[in-house]
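**Q** Sharing a sequence plus its predicted fold:
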Amino acid sequence: MKTKLSAENLNISFANKQILKNVNVNFQENEITALIGPSGCGKSTLLRSLNRMHDLIPYADIQGLVKLEDINIYAKSIPVTEIRKRIGMVFQKANPFPKSIYENIAYGLRINNLPHDKTVIEKALTEAFLWDEVKDDLKMPAHRLSGGQQQRLCIARAVALRPEVILMDEPCSALDPVSTLKIEELILHLKQKYTIVIVTHNMQQAQRIADKTFFMYLGEVKESGNTKDIFENPKHEMTKNYISGIFG
Amino acid sequence: MQHKRFKLSSIIEWGSLTGTTLIVCFFLVVIILEIVFKGIGSMSWEFISSIPKEGMTKGGILTPIIGTVLITLITAAFAIPFGICCAIYLNEYAENNKLTRIIRAAIRNLSGVPSIIYGLFGLALFVQTLQLGTSLLAAGLTLGLLSLPYIITTTEEALMQIPNSTREAALAVGATKFETIKDIVIPSAVPGILTGVVLTLSRAAGETAPILFTGAAFYISDTNGYINQEFMALPYHLYMLSTQHQSIEEVRPIAYGTALVLILVVFLLNLSAFYIRYKFRKNEN
Amino acid sequence: MKYKIRILLDTIFKDIFKATGLLVLFLLGGILALLIYNSISFFMDVKPLEFITGMEWNPTGKSPKYGMLPLILSTTLVTFGAMIIAIPLGVGTAAFISEYAGSRLKNILKPAIEMLAAVPSVVIGFLGIVVVSPGLANLADLPNGLNALNGAILLAVMALPTIITISEDAIHAVPKTYKEASYGVGATKWQTLRKVIIPAAGPGIISAIMLGVGRAIGETMTVLMATGNAALIPKGFFDSVKTMTATIAIEMGEVPYQTTHYYGLYALATMLFFMTLIANLVGEYFINRFRKYHAT
């Protein structure tokens, strides 16, 4: 297994409040890694630091290294847009552009100067299990799709850019169980091509899809390892309490 | 007895609030009916399409209509781009620091500055300092300055309605901040921005005080509006016909006609703004 | 290469946006500088005390008089009259819209108020001449009705939309729990409105009134057309008055540039600027207090 993405001694504070403390993590290629932990433990902050989504927050202070293979993604010489093209992101609440379904996929391709003809769009939508449902309505505004469809459209939008890593921030938290299962199936399918990091509050979800699980608490990674080991044999008392639902 | 008193007082109570509301509505009705009924007699295609004749006692109001359209266009051309850019700065870029707070306070104060003071400022800046003379351009720019704070405020409100997740979506596919604003944020905010712009322009079109010394003319014989010359405008025309004309009683029908055209223009602009807002809200749900 | 252009555009536009933000500061700074600079020129010729306490405004007389007292009293009288009319009407209407009107009626009333706000001031002034003035002349048996009362009525109409809209927002923002608590102890709707809702919305209503005052003080065309414009110390509502705004509007068109009279009008404008500024700042203070109070 090859390490695709890693963070070394990562410390992040917002307006002098430390959110992440000395985080060291590795994400392996073609694996799904779940970040779990109680609200406010810093898992979303960690996720968003992996494609520089904090860049626009003026009071964010980021120390340490985040590496995509051997490139430091925070290096001055690396364009942030290039990083975000290679490391895609799917958000908690489906956020399609207020444009047509077609344009939702085409936009990212166009600004990145990539081909954006219909075959590319079709491929992305197919990969996100959405093509059959929307192939006749590509001109329809994306916000008319159901919540689950919108989220798959967002995944298609990320996939279309052929990223190496896809970051997912609780992608199913706003969806019903049926849509959730469909997206989980999709995520498992995507792992053949991409490295996936997913933040989730749903313990069952982590167990169903993740190869590795990292448990975070108060800005630190307390425990990490194979999902099976974490859930069946947690080393820390705190991890055990969290996954059994005693707190969180 | 107790019960009866309670009932009577509650009728008075309800009546007093209904009464105030009715009086306010009565004002609006009087304004509209007075202008419509007395103005409709002067209305004709001829009135709208011909220039004032015989010392403005005859003929129509084409010249002031053209002047009002042109000055509103100049106002729009100045205030819309500047106002939108400033709103973008405030909502998308500005940090919450001292400078930003000062800019916001300045905008709030500017929207409270009396329009006559804008007229003085336009006179000093455009007419005298920039040597534009009393002209359509100077007056249009003066109205543009007056409109600026309203356009900024309404545009910023429209931008605030766009959720941050929409911006993040664009950034996450590799768009720069400018591309995010240009391609995603602004197009989503267009209905809100448009509503504010149309309302602001309708206000500008009806303004008189700022154009008093910056270019509005009592009378010009030429229908063509030249940007560097004085012009006639509907609100000023109405003011002049009702207070300054040598035979005020004789031109009263023309004054009513002018008032009718002016409120029609303003109401139509307002109605179109309501329509945009209504359609937009409907689409959202 | 393409990427470099994108980044360049990103930086250029960031600067353009920021520059327009600063333009607003220059605009306000420019207005202030103009007013103060010309006022200073004025006070080189006329003593500030004479300007502030002078009982006569007659700049074109043989010995010009620059006392602004008649003008400031005119403005005050007309504004005061306008508020006496507009406050009860405005607050009553706001309470009706917020508390009594059904949603269908609301959907008619609210656009109606916006329509009233949209009527150009020159049209209101025109109606002052053709409707209010003959009406007042008949009622009070005067030669004409171009006086302070006429101006006050018109300014009330102009200030009403501001007062109604902001008061209604304030009344609407009073937490529902207050009302429920009041009904819970057996109060009627009216008692709740008077004893609970209006006091709770108080700062918001005060701010609505102050913004209405600011609007009335600064309004030019209506008072210019409907108050008769006699620059004398007014003794009552049936006297003709000449407000500060009307004075500037009338005299600026005729005065030669850079004379004492010209500067005097700027000094008047400076007074006007600060009067509206104070009204607006007080309004803003109360609206902030209201928001803070109900924020939690």
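**A** Looks like it came in fine.
**Q** which ones are touching the closest residue to chain C within chain A?
**A** The nearest approach of chain A to chain C comes at A:Asn113, 5.4 Å away (Cβ to the nearest Cβ). For the C-beta atoms, the positions are set from N, CA and C on the backbone; glycine is no exception. Residues counted as contacts of A:Asn113 (Cβ atoms under 8 Å, 6 or more residues apart in numbering or on different chains) are C:Lys2.
**Q** So whichever residue of the stretch 51-200 of chain C sits closest to chain A versus C:Ala156, what's the distance?
**A** Of the stretch 51-200 of chain C, the residue with the smallest distance to chain A, taken as Cβ to the nearest Cβ, is C:Asn107 at 25.6 Å. The spacing between C:Asn107 and C:Ala156, counted by Cβ to Cβ, to the nearest Å, is 25 Å.
**Q** Next: C:Ala187.
**A** C:Ala187 sits at a distance of 32 Å from C:Ala156 (criterion: Cβ to Cβ).
**Q** quick one, which of those two is more surrounded?
**A** Using other Cβ atoms under 10 Å in any protein chain shown, the more surrounded residue of C:Ala187 and C:Ala156 is C:Ala156, with 25 against 16.
**Q** hey, where'd the strands end up in the stretch 51-200 of chain C?
**A** Listed in chain order, the strands of the stretch 51-200 of chain C (DSSP state E, counting those that start in this stretch) span C:57-58, C:65-66.
**Q** try chain A
**A** For chain A, the strands defined by DSSP state E cover A:3-14, A:17-28, A:32-36, A:60-68, A:71-72, A:87-90, A:165-169, A:195-199, A:212-217, A:220-226.
**Q** Centre of the chain to stretch C:236-246, how far?
**A** Relative to the centre of its chain, stretch C:236-246 is centred 16 Å away, using Cα atoms, centre = their mean, to the nearest Å.
**Q** That stretch: end-to-end distance?
**A** 18 Å (Cα to Cα, to the nearest Å).
**Q** ok, and for it, which residues are buried?
**A** Residues of stretch C:236-246 classed as buried by neighbour count (16 or more other Cβ atoms under 10 Å in any protein chain shown): C:Phe237, C:Asp239, C:Ser240, C:Val241, C:Lys242, C:Thr243, C:Met244, C:Thr245, C:Ala246.
**Q** So which bits of chain A are right by chain C?
**A** Taking Cβ under 8 Å from any Cβ of the partner chain as the measure of proximity, chain A contacts chain C at A:Pro79, A:Thr81, A:Glu82, A:Ile111, A:Asn113.
**Q** one more time with 10 Å
**A** A:Pro79, A:Val80, A:Thr81, A:Glu82, A:Ile111, A:Asn112, A:Asn113 (Cβ under 10 Å from any Cβ of the partner chain).
**Q** Those, buried ones only, as a ChimeraX selection?
**A** Those of these that count as buried under 16+ other Cβ under 10 Å are selected in ChimeraX with:
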select /A:80,81,111,112
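**Q** Identify the farthest-apart pair in the residues of chain A next to chain C.
**A** Farthest apart among the residues of chain A next to chain C by Cβ to Cβ are A:Val80 and A:Asn113. That separation is 16.1 Å.
**Q** Let's verify the most centrally placed residue in chain B: helix, strand, or coil?
**A** Per Cα atoms, centre = their mean, the C-alpha nearest to the average position across chain B is that of B:Arg203, at 1.8 Å. Following DSSP: H, G, I helix; E, B strand; the rest coil, the label given to B:Arg203 is helix.
**Q** Settle this for me: it is touching C:Glu114, isn't it.
**A** No: counting by Cβ atoms under 10 Å, C:Glu114 is not a contact partner of B:Arg203; they are 11.4 Å apart.
**Q** Find residues that contact each of these two.
**A** With contacts defined as Cβ atoms under 10 Å, 6 or more residues apart in numbering or on different chains, the residues shared by B:Arg203 and C:Glu114 are B:Asn270.
**Q** and the gap between B:Trp14 and C:Leu193?
**A** Applying Cβ to Cβ to B:Trp14 and C:Leu193 gives a distance of 11 Å.
**Q** So for the two, which sits in the more crowded spot?
**A** Between B:Trp14 and C:Leu193, C:Leu193 has the larger neighbour count (other Cβ under 10 Å), namely 23 against 14.
**Q** quick one: contacts for that one?
**A** C:Leu193 is in contact with B:13, B:17, C:95-96, C:98-100, C:171, C:179, C:182, C:187, C:199, C:201, counting by Cβ under 10 Å, 6+ apart.
**Q** make it 7 Å
**A** C:Leu193 sits next to C:Ala95, C:Glu99 when contact means Cβ atoms under 7 Å, 6 or more residues apart in numbering or on different chains.
**Q** go on, A:Thr200?
**A** For A:Thr200, the contact set (Cβ under 7 Å, 6+ apart) comprises A:Ala34, A:Ile36, A:Glu170, A:Ala206.
**Q** again, only this time at 10 Å
**A** A:34-37, A:43, A:168-173, A:206, A:208-210, A:213.
**Q** got the phi/psi numbers for it?
**A** Taking degrees, to the nearest 10, you get phi -150, psi 150 for the backbone angles of A:Thr200.
**Q** How about B:Ile51?
**A** According to degrees, to the nearest 10, B:Ile51 has phi -80, psi 160.
**Q** And it, how far from chain A?
**A** Distance, B:Ile51 to chain A, using Cβ to the nearest Cβ, to the nearest Å: 47 Å.
**Q** burial measure for that residue, as a count.
**A** Neighbourhood size, B:Ile51 [other Cβ under 10 Å]: 19.
**Q** Is stretch C:230-241 in proximity to chain B?
**A** No: between stretch C:230-241 and chain B, judged by Cβ under 10 Å from any Cβ, nothing touches; the nearest distance is 13.9 Å.
**Q** Measure how far that stretch is from the centre of its chain, please.
**A** 20 Å.
**Q** Let's test this: mean pLDDT of that stretch, rounded?
**A** When pLDDT is averaged along stretch C:230-241, the result is 84.
**Q** Quote the end-to-end distance of that stretch.
**A** Using Cα to Cα, the end-to-end distance of stretch C:230-241 comes to 5 Å.
**Q** The residue nearest to A:Met203 when sequence neighbours are not counted: neighbour count?
**A** Spatial nearest neighbour of A:Met203, chain neighbours left out: A:Ile243 (5.6 Å); criterion: Cβ to Cβ, 6 or more residues apart in numbering or on different chains. By other Cβ under 10 Å, the residues close to A:Ile243 number 19.
**Q** Could I get the contacting residues of A:Ile243?
**A** Going by Cβ under 10 Å, 6+ apart, A:Ile243 touches A:Ile36, A:Met203, A:Ala206, A:Gln207, A:Thr213, A:Phe215, A:Ile230, A:Phe231, A:Glu232, A:Pro234.
**Q** and what of A:Gln92?
**A** Taking Cβ under 10 Å, 6+ apart, we find A:Gln92 in contact with A:Ser44, A:Gln151, A:Met168, A:Asp169, A:Glu170, A:Pro171, A:Cys172, A:Ser173, A:Ala174, A:Val199, B:Ser165.
**Q** ok, now how distant is the residue nearest to the fifth one when sequence neighbours are not counted from B:Asn164?
**A** Which is A:Glu170. Leaving out its chain neighbours, the residue that sits closest to A:Glu170 by Cβ to Cβ, 6+ apart is A:Gln92, at 4.5 Å. Going from A:Gln92 to B:Asn164 by Cβ to Cβ gives 12 Å.
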